[in-house]
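Colleague: Test case, fold it:
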Amino acid sequence: MFVDVVKIHIQAGNGGNGAATFRREKYVPNGGPDGGDGGHGGNVVFAVDEGLHTLMDFRYKKKFKAEPGQNGQSRNKHGRNGEPLIIKVPPGTIVRDVDTGFVLADLTAPGQTKVLARGGRGGWGNAHFATATRQAPKFARDGEKGQERWVILELKSIADVGLVGFPNVGKSTMLSVLTAARPKIADYHFTTLTPNLGVVEARGNRSFIIADIPGLIEGAHTGSGLGHDFLRHIERTRILVHVVDASSMEGRDPVKDFHAINNELKSYSEKLAERPQLLAANKMDLPGSSENIERLRDELEPRGIKVFPVSAAQGKGFQPMLDEILRLLDELPPLPAFEDEVDVYSLIVEEPFQITKEQDEFVVSGPVVDKLLGMINLEDYDSFQFFQRVLRKRGIIDALREKGITDGDTVRMGDVTFDFVD
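Modeller: Model (predicted):
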């Protein structure tokens with residue numbers, strides 16, 4: 001089964017907690033703090049694997065989590081860093097943030113990697129908090145949480161040239177003639193339900209990649225007939241080759257078909273409709289084709305679109321078209337990456353703290369509060385003083401005053417509740 005769109009959840013590893021321990025050895029009854037730092041959490045890294053061709057591996061597994069960092073230990077032992085989680089994807093995969101819609105990564109080159117969720121930093125052990133006046137701190141810092149997000153993976157085929165056209169006009173046969181690809185071919189509609197790619201070996205030891213895009217229908221830009229699933233695979237192509245049935249054997253008008261396909265392209269993406277185009281008038285070996293060739297040329301060549309009569313069944317007429325494709329590829333610049341100019345880490349925005357009023361309590365919450373509660377020991381005098389200093393330094397005390405707090409009011413942070421004294 002060909003799978004080209006999936007939604008998954010990624011989570012980097014949490015940082016390990018710092019240790020709050022003291023040196024305890026024979027003849028050293030009052031050893032100082034020796035708590036080690038926690039290890040950093042592992043990152044989530046996406047990597048291109050050219051051996052993959054679909055996103056099938058993500059159909060049943062939706063959640064991916066990197067290894068956390070280990071906690072610090074006594075004797076200043078640093079916790080081990082968590083191993084990164086490598087997620088392998090096929091070339092042409094775009095990673096999009098679900099919440100913002102931003103494209104975080106456009107992964108095209110074999111071996112290309114990108115970190116899309118950063119592991120949390122390890123917490124400090126109590127040895128970091130020792131000072132001349134606080135020689136035995138009984139608190140340490142917890143590790144930070146790893147970043148997490150929902151992302152959508154989209155596979156867009158990587159090809160220089162895209163064959164587009166209505167079903168049963170001969171695109172798959174044409175691909176098999178021009179390349180070594182062997183797509184499934186039969187005389188009924190929608191034989192091709194997945195994009196087929198092949199390499200065309202042209203004159204002068206030149207080559208390019210061509211893709212047979214599954215047959216479009218009118219209304220494809222709205223999603224009709226798997227329209228969006230098909231259209232995304234031609235977004236990377238630099239040249240579009242429209243294939244029409246010049247014989248009109250099925251009662252279709254090739255001129256109207258050309259305009260209908262262009263309307264679908266324009267409705268889906270203005271940029272896509274502006275790509276250079278050629279027209280391959282196929283089935284020239286069948287009766288009635290000669291009459292339509294002149295109509296096509298009169299309609300399209302004044303617009304700068306060249307018409308090439310070909311017969312995929314007989315393998316004839318392709319050389320002039322290939323020469324024109326090579327000429328255009330030499331002139332056209334490479335397509336820019338889909339990736340947005342955005343710092344992927346900045347998309348996970350967390351306010352340092354929030355203050356809300358719930359009944360008679362002022363509730364303070366947020367990342368800074370979580371970190372603070374993870375490193376204090378309120379039963380220890382030094383730790384409690386440190387707690388108060390951080391509240392003032394972080395602006396929490398001033399923010400509570402602005403909310404109208406007065407002496408004796410109750411403040412709650414996580415599971416900790418205390419009376420406010422200014």
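Colleague: Please name the nearest non-neighbouring residue to residue 98.
Modeller: With C-beta to C-beta, 6 or more residues apart in numbering as the criterion, residue 98 has its nearest non-adjacent residue at 4.0 Å, and that residue is residue 150. C-betas here are computed from N, CA, C, even on glycine.
Colleague: And the one helix or strand the one you found maps to, how far out from the chain middle?
Modeller: Per DSSP states H and E: residue 150 is located in strand 148-155. When C-alpha coordinates are averaged (C-alpha atoms, centre = their mean, to the nearest Å), strand 148-155 and its chain have centres 5 Å apart.
Colleague: What ranges does the stretch 51-200 of the chain have for its strands?
Modeller: 63-65, 85-89, 93-97, 103-107, 113-117, 148-155, 161-164, 196-202 (DSSP state E, counting those that start in this stretch).
Colleague: got the ones you listed as TSV, with distance to residue 319, mean neighbour count and mean pLDDT columns?
Modeller: Listed next are the strands of the stretch 51-200 of the chain as TSV, based on distance: least, C-beta to C-beta, whole Å; neighbours: other C-beta atoms under 10 Å; pLDDT from 0 to 100:
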stretch	distance to residue 319	mean neighbour count	mean pLDDT
strand 63-65	49	15	96
strand 85-89	37	19	96
strand 93-97	35	23	90
strand 103-107	34	22	89
strand 113-117	41	20	93
strand 148-155	32	20	91
strand 161-164	15	25	88
strand 196-202	9	18	81
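Colleague: Could you dump the ones you listed into JSON lines and include distance to residue 19?
Modeller: Below are these laid out as JSON lines (distance: least, C-beta to C-beta, whole Å):
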{"stretch": "strand 63-65", "distance to residue 19": "24"}
{"stretch": "strand 85-89", "distance to residue 19": "26"}
{"stretch": "strand 93-97", "distance to residue 19": "36"}
{"stretch": "strand 103-107", "distance to residue 19": "35"}
{"stretch": "strand 113-117", "distance to residue 19": "26"}
{"stretch": "strand 148-155", "distance to residue 19": "26"}
{"stretch": "strand 161-164", "distance to residue 19": "59"}
{"stretch": "strand 196-202", "distance to residue 19": "54"}
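Colleague: Residue 253 is nearest to which of the ones you listed?
Modeller: Residue 253 sits nearest to strand 161-164 of all the strands of the stretch 51-200 of the chain, at 16.9 Å, using C-beta to C-beta.
Colleague: Which residues outside that closest one are in contact with it?
Modeller: Here strand 161-164 makes contact (C-beta atoms under 8 Å, 6 or more residues apart in numbering) with 171, 174-175, 200, 208-213, 216, 233-234, 237-243, 261, 265, 280, 325.
Colleague: Can you tell me the centre-most residue of this protein?
Modeller: Nearest to the mean C-alpha position of the chain, by C-alpha atoms, centre = their mean, lies residue 95 at 1.0 Å.
Colleague: Quick check: beta-bridge partners of that one?
Modeller: When assigned by DSSP bridges, residue 95 has beta-bridge partners residue 105, residue 153.
Colleague: Buried residues of stretch 258-278, list them for me.
Modeller: Counting neighbours by 16 or more other C-beta atoms under 10 Å, one finds that the buried residues in stretch 258-278 are 258, 260-262, 264-265, 267-268, 272-273, 275-278.
Colleague: Compute the first-to-last residue distance for it.
Modeller: 11 Å (C-alpha to C-alpha, to the nearest Å).
Colleague: returning to what we had before: identify, from the buried residues of stretch 258-278, the entry nearest to residue 289.
Modeller: residue 258 (14.8 Å).
Colleague: Just name whatever secondary elements the strand or helix carrying the closest one is in contact with.
Modeller: For residue 258, the host element (DSSP H and E) is helix 254-268. Helix 254-268 is packed against helix 227-231, strand 239-245, helix 270-273, helix 289-300, with contacts defined by 3 or more C-beta pairs under 8 Å, 6 or more residues apart in numbering; DSSP states H and E.
Colleague: Need the winner for burial among the ones you listed.
Modeller: Across the helices and strands packed on helix 254-268, the average number of neighbours (mean count of other C-beta atoms under 10 Å) peaks for strand 239-245, which reaches a mean of 24.
Colleague: mean confidence score for that strand?
Modeller: Throughout strand 239-245, pLDDT has a mean value of 92.
Colleague: Just the residues contacting it, thanks.
Modeller: Counting by C-beta under 8 Å, 6+ apart, 160-166, 168-171, 174, 210, 234, 252, 254, 257-258, 261-262, 265, 275-283, 296, 321, 325, 328-329, 332 sit against strand 239-245.
Colleague: Indicate which one of the strands of the stretch 51-200 of the chain is closest to residue 313.
Modeller: Using C-beta to C-beta, the strands of the stretch 51-200 of the chain put strand 161-164 closest to residue 313, at 15.7 Å.
Colleague: Any idea how far stretch 404-412 is from the middle of the chain?
Modeller: Using C-alpha atoms, centre = their mean, the offset of stretch 404-412 from its chain centre is 45 Å.
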